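Engineer: give me a model of this one.
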Amino acid sequence: MVRKQKTADFEQSLAQLEALVEKMEQGDLPLDAALQAFEEGVKLTRECQGILDQAEQKVQMLVESQGELKTAPFTSVDAEGE
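Structural biologist: Below you'll find the model as predicted:
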């Protein structure tokens, strides 16, 4: 179930980021609102990148052993802090 939650988080963050970009591209935001939207966009970008980095790490950990694909366990950054 954790995988589905991460996917949902990624999809939701990406959708929010896309909405922010569209809003900012319109050019109608006052400076303060534009800066706040930019800050939120940076935060969302970092969240998405973190999720993608973890997915990439998982893929890289696939190891071929005697013709079978196996995954090697790893400790994510989130799990270490808990």
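Engineer: residue contacts, residue 60?
Structural biologist: Residue 60 sits next to no residue when contact means Cβ atoms under 8 Å, 6 or more residues apart in numbering. Any C-beta I mention is one placed from the backbone N, CA and C, and that applies to glycine too.
Engineer: same check, this time on residue 34
Structural biologist: Taking Cβ under 8 Å, 6+ apart, we find residue 34 in contact with residue 24.
Engineer: any idea how far it lies from residue 56?
Structural biologist: Going from residue 34 to residue 56 by Cβ to Cβ, to the nearest Å gives 32 Å.
Engineer: with residue 29 instead?
Structural biologist: The spacing between residue 29 and residue 56, counted by Cβ to Cβ, is 34 Å.
Engineer: quick one, which of the two is more surrounded?
Structural biologist: Under the neighbour definition other Cβ atoms under 10 Å, residue 29 and residue 56 were set side by side, and residue 29 has more, 15 against 10.
Engineer: show me what contacts that one?
Structural biologist: Residues in contact with residue 29 (Cβ under 8 Å, 6+ apart) are 23, 37.
Engineer: 10 Å instead?
Structural biologist: By Cβ atoms under 10 Å, 6 or more residues apart in numbering, the contact set of residue 29 is 23, 35-38.
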